[in-house]
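Asks: Give me a 3D structure for the following:
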Amino acid sequence: MESLHNVIDWIVSTVSAWGYGGIFVAMFLESSFFPFPSEVIMIPAGYLAYKGEMNIIYAILSGIIGSIAGALFNYYLALFFGRKVLLRYGKYIFLNRDKLDKLEAFFNSHGEISTFNGRLIPGVRQYISLPAGLAKMDIKLFGIYTALGAGIWVTVLTILGYFLGANESLIKEYLHTITLFVLIIVSAITYIYYKRVQNRRVSD
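Replies: Alright, predicted model coming up:
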């Protein structure tokens, strides 16, 4: 428990020292080739905002912009280099054939809205940009869906840190509940989206 507190203290002090630039870099990594958990950076940022050491709006914006930049990095990586290169070097970024196949299946099954949904699903958000790039998804739609998904997740984590940043046990409890709630919302949005698509096809 003492070591856990030391790690948390180190993360908070690091975020404080690096400021908004540190949030941007960490969220860029979280959204690109390095599976850096966003909870570890945005919750402490929210806590620092509570203490008056950061502006919560700037912290959220830094996290969102970093997420979008990292997602664009993955998108263009897949777009320009293709599946073969990803499979060849994917092991260095914790990506293998099975994971890429599942990501592509997820993207193909849920369509472009999966870019939004994927940003809200643990274990998917870091890599959902890859199948979008492979599928040559429209960059404007990709940017919009990515910004919306990342914006919701970053805001939730930052607010969680703002109100509960000093209580690790409550953070774990609420983060688990929030994650389940987000997954339910994702399912509902996907259902509504497909109903609208089906209705348009019938009317056409």
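Asks: can you give me the helices for this protein?
Replies: Shown for the chain, the helices assigned by DSSP state H span residues 2-31, 39-50, 56-89, 97-110, 114-118, 129-134, 139-164, 168-203.
Asks: What does Gly52 show for phi and psi?
Replies: The main-chain torsion angles of Gly52 are listed as degrees, to the nearest 10 and equal phi 90, psi 10.
Asks: Likewise for the one 3 residues further on?
Replies: Main-chain dihedrals, Asn55, degrees, to the nearest 10: phi -90, psi 120.
Asks: surely Met42 meets Ile152?
Replies: No - between Met42 and Ile152 there is no contact, the gap being 11.9 Å when judged by CB atoms under 8 Å. All C-beta spots, glycine's among them, are computed from the backbone N, C-alpha and C.
Asks: Those two: which is more packed in?
Replies: Comparing Met42 with Ile152 by other CB atoms under 10 Å, the one with more neighbours is Met42, at 31 against 17.
Asks: Quick one: residues contacting the residue lying closest to the more buried one once chain neighbours are set aside.
Replies: Excluding the flanking residues, the one nearest Met42 by CB to CB, 6 or more residues apart in numbering is Leu157, at 3.7 Å. Leu157 is in contact with 38-39, 42-43, 46, 63, counting by CB atoms under 8 Å, 6 or more residues apart in numbering.
Asks: Relative to Asn96, how far out is the nearest residue to Phe107 once chain neighbours are set aside?
Replies: Ranked by CB to CB, 6+ apart and with sequence neighbours excluded, the top spatial neighbour of Phe107 is Pro131, at 3.7 Å. Pro131 sits 14 Å away from Asn96, going by CB to CB, to the nearest Å.
Asks: neighbour-wise, which of the two wins?
Replies: Regarding Pro131 and Asn96, a neighbour count based on other CB under 10 Å identifies Pro131 as having more, with 26 against 11.
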